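predicted coordinates and the sequence they were generated for:
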Amino acid sequence: MANVTSISDKISRIAAEQIEIPDKLNAIAAWLEKEYGLRVNFCRIFGKRWSYVSGDRQMEFALNRIRLNQQYGVFYVQNKRLSEDDLERILQALTQFLAKNSNE
Amino acid sequence: MQSVKVSEWTKNVIKPDEIEKYLINGRDFIDEDVIVSQLQANAKPDKARVREIIAKAMQIERLEPQETAALLNVTDNDLWNEMYAAGLAIKRKVYDNRIVFFAPLYCSNLCVNNCAYCGFRYENKEEKRRILTMEEVRQEAVAVINEGHKRMIVVFGEHPRSAADYIGETIRNIYDVKVPVRTGYSAIRRVNINAAPMSIADLKKLWEVGIGTYQVFQETYHKQTYADLHPLNTIKGNYRWRLYALHRAMEAGIDDVAVGALFGLYDWRFEVMGLLYHAIDLERQFGVGPHTISFPRMTPASGSSLSRNSNWLVSDENFKRLVTVLRLSVPYTGLIITARENAEVRREVIGVGCTQTDASTRIGVGGYTAALQALAGKKTDEQEIDEQQFTLGDTRSLDEVVRELAEKGMITSFCTAGYRCGRTGDKIMGLLKGCIEGKFCKANAVLTFREYLDDYASPATKAIGEQLIQKEIDEIKAMPFFQKGRMLETFERMYKQVADGERDIYI
């Protein structure tokens, strides 16, 4: 498994091909599923509301959610291919990406 | 001074460009000639066709206007009975066996409009005017939470003092209220809003503080009736500003919106068609239909003779029929029956597919706190008609209504999970149409009913509730959906957490 920095770099490259944040997140979600089998969807957070923005639209039952920053959160389906450490690195990379790309 | 400010404010509310952008070839989506001709063309539908339409609805497909028109014209009682049964079957397919409860909270009856049927209208001198302070809002929220509620619809008259900033502040304050229960605390988890149409900029303010659903009722879709009842020199006199209120909400990011009509102002069949066209236009322009549909029926309001004497008042039988046709026409959408209706009518229409209702309802401004004062002997606990928008038909407590439903085998749900899990807008619509959301509904109903039984239920309600919750759990265990992955294991773990005293656990 790559380290946080290399995952961040890859995410940034994938996202750079898109202009709008929802499209960037969609591209990242597709890559995470292809590369790691990790299904995610991203939400904008408004108060208590987590509103779907991008990612796996077919994902029905995601028990895991993490707030990535004040504006965005992610739901994901835990995946046997990924260790807890690997998952943690991906979530860190997503947090770093949003820190640079959202308006927080 | 105040009147100058109000008139200045009133002049600037409507943004014409925020109407025109949604028109198609300069026309809105209510074409009265088309609706009338569809109702006439389908005046005598044959049984086979009606059954085909019912079968389509059972597939959770939204009906086309011609099909709805046919259903509205059914006269055969046997066919109506088939439609009633189909309504309930659709509801169970999409939303399972639960009824979601909410509490309305009236924050202000100040209003710049003058609608002939409404107790809030500015010319009604009998109405005692009041707007809650934030401290009073919090007191009301505490009273509502202490009944066991987790979801509110907060209602505001249209007035500069209760405009978007006030509404946003209200939402924030309600979400902040926490009341200790057992080992945790209880709170309102979803604040829905019923308020006047707003600009996109104002709607964004509500979006940012975490609004649940934004609800605007068109009242009547019939343009001449609308013009007769809503004076042109008022904001509400602008039919199209109201008609596109929810389009603007969608554009502001609020993807859970709710339509409604006040039945009794015009022909009920026409209004059902109007609601359907509203749903269709939201689907066409945003890919998402309404989250809920409401169908309040006109009841007596202070200082309004129209509310008692309208030529279009809807009988109980026709009311049940219109709810049924809405259930079949927009199968994926929630239907709300409120305590405006008496207990008997509520039982009837819940039986044809309603998904949400209220109880322990107070609709006076400050009504919940006043009820507590009545309990303490400081006031009488009667409906304050001169502080209300209308009168209630059912003033039973939440506990009583929950118990009655439990006796009929229906589980009360206080679920607010969907909008906190990204299941909103087109995402939740897809899950509803695919009959997936109902599985979440079932699980979350059990989790929140467990909370209610442990924190608020009377001994009698708890006794019947325990039997019901066990039956629901047994059904969940038997459902193939929950056999996937670790879903059942997760649900059982969550249920144990809640039974052990943890709160606000949801899927």
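Arrived safely, thanks for sending.

now do the same for B:Phe102: helix, strand or coil?
strand (DSSP: H, G, I helix; E, B strand; the rest coil).

look up the closest residue to it, ignoring the ones flanking it.
Leaving out its chain neighbours, the residue that sits closest to B:Phe102 by C-beta to C-beta, 6 or more residues apart in numbering or on different chains is B:Arg151, at 4.2 Å. (C-beta placed from N, C-alpha, C; glycine too.)

wait, the one you found sits on B:Tyr419?
No: if you go by C-beta atoms under 8 Å, B:Arg151 and B:Tyr419 don't touch, sitting 10.3 Å apart.

so for those two, which sits in the more crowded spot?
B:Tyr419 (28 against 23; other C-beta atoms under 10 Å in any protein chain shown).

contact partners for that one?
A:Lys48, A:Arg49, A:Trp50, A:Ser51, B:Arg190, B:Gly212, B:Asp256 (C-beta atoms under 8 Å, 6 or more residues apart in numbering or on different chains).

same question, B:Met410
B:Asn97, B:Arg98, B:Ile99, B:Ile350.

in strands, which of these fall?
Per DSSP state E, strands hold the following members of the contacts of B:Met410: B:Arg98, B:Ile99.

any idea which of the contacts of B:Met410 is closest to chain A?
Taking C-beta to the nearest C-beta as the measure, chain A lies nearest B:Arg98 of the contacts of B:Met410, at 17.7 Å.

any idea what the closest one is bridged to?
Taking DSSP bridges as the rule, B:Arg98 bridges to B:Ile411.

ok so, going back, tell me, what's touching B:Arg151 and B:Tyr419 both at once?
Residues touching both B:Arg151 and B:Tyr419 (C-beta under 8 Å, 6+ apart) are B:Arg190, B:Gly212.

tell me the SS of the closest residue to chain A within the stretch 201-350 of chain B?
Distances between the stretch 201-350 of chain B and chain A by C-beta to the nearest C-beta are smallest at B:Gly210, namely 1.8 Å. Put simply, B:Gly210 is coil when judged by three-state DSSP.

I'd say it and A:Trp50 touch.
No: contact criterion C-beta under 8 Å: B:Gly210 and A:Trp50 do not qualify, at 9.6 Å.

among these two, which residue is more densely surrounded?
Between B:Gly210 and A:Trp50, A:Trp50 has the larger neighbour count (other C-beta under 10 Å), namely 26 against 21.

would that one count as being in a helix?
No: A:Trp50: not assigned to a helix; according to three-state DSSP it is strand.

who are the contact partners of it?
By C-beta under 8 Å, 6+ apart, the contact set of A:Trp50 is A:Cys43, A:Arg44, A:Arg65, A:Gly73, A:Phe75, B:Tyr419, B:Arg420, B:Cys421, B:Gly422.

chain A contacts on the stretch 201-350 of chain B?
For the stretch 201-350 of chain B, the residues in contact with chain A (C-beta under 8 Å from any C-beta of the partner chain) are B:Trp207, B:Glu208, B:Val209, B:Gly210, B:Ile211, B:Gly212, B:Gly253, B:Asp255.

name the element A:Gln70 belongs to?
Under the criterion DSSP states H and E, no helix or strand holds A:Gln70.

for B:Gln40, the count of nearby residues, please.
Residues contacting B:Gln40 under the criterion other C-beta under 10 Å number 10.

same thing with the one 4 residues further on?
Using other C-beta under 10 Å, B:Lys44 is surrounded by 9 other residues.

so where's chain A uncertain?
A:1, A:60-62, A:103-104 (pLDDT under 70).

find the closest residue to chain B in it.
Counting by C-beta to the nearest C-beta, chain A gets nearest chain B through A:Gly47, at 1.8 Å.

excluding chain neighbours, give the residue nearest to that residue in space.
Leaving aside its sequence neighbours, A:Gly47 sits nearest to B:Gly210 (C-beta to C-beta, 6+ apart; 1.8 Å).

show me the contacts for A:Ala30.
So A:Ala30 contacts nothing (C-beta under 8 Å, 6+ apart).

separation between it and B:Glu283?
A:Ala30 is 27 Å from B:Glu283, where distance means C-beta to C-beta, to the nearest Å.

what residues of stretch B:217-227 count as buried?
B:Phe217, B:Gln218, B:Glu219, B:Thr220, B:Tyr221, B:His222, B:Thr225, B:Tyr226 (16 or more other C-beta atoms under 10 Å in any protein chain shown).

sort out for me which of those residues are in helices.
Members of the buried residues of stretch B:217-227 lying in helices (criterion: DSSP state H): B:Thr225, B:Tyr226.

get me the contact residues on chain A for chain B.
Going by C-beta under 8 Å from any C-beta, the residues of chain A near chain B are A:41, A:43-44, A:46-52, A:57, A:60-63, A:65, A:75.

biggest helix in chain A by residues?
Chain A, longest helix under DSSP H: helix A:84-101.

CA atoms only: put that helix into CSV for me.
The C-alpha coordinates for helix A:84-101 follow below in CSV (Å, rounded to 0.1, in the frame of the first residue of the first chain):
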residue,chain,number,x,y,z
GLU,A,84,-7.4,-0.3,9.1
ASP,A,85,-4.1,1.4,8.4
ASP,A,86,-4.6,1.5,4.7
LEU,A,87,-8.1,2.9,5.1
GLU,A,88,-6.7,5.5,7.5
ARG,A,89,-4.1,6.6,4.9
ILE,A,90,-6.8,7.0,2.2
LEU,A,91,-9.0,9.0,4.6
GLN,A,92,-6.0,11.2,5.4
ALA,A,93,-5.3,11.8,1.8
LEU,A,94,-9.0,12.7,1.2
THR,A,95,-8.8,15.2,4.1
GLN,A,96,-5.7,16.7,2.6
PHE,A,97,-7.3,17.0,-0.8
LEU,A,98,-10.4,18.7,0.6
ALA,A,99,-8.3,21.1,2.7
LYS,A,100,-6.8,22.3,-0.5
ASN,A,101,-9.8,22.3,-2.7
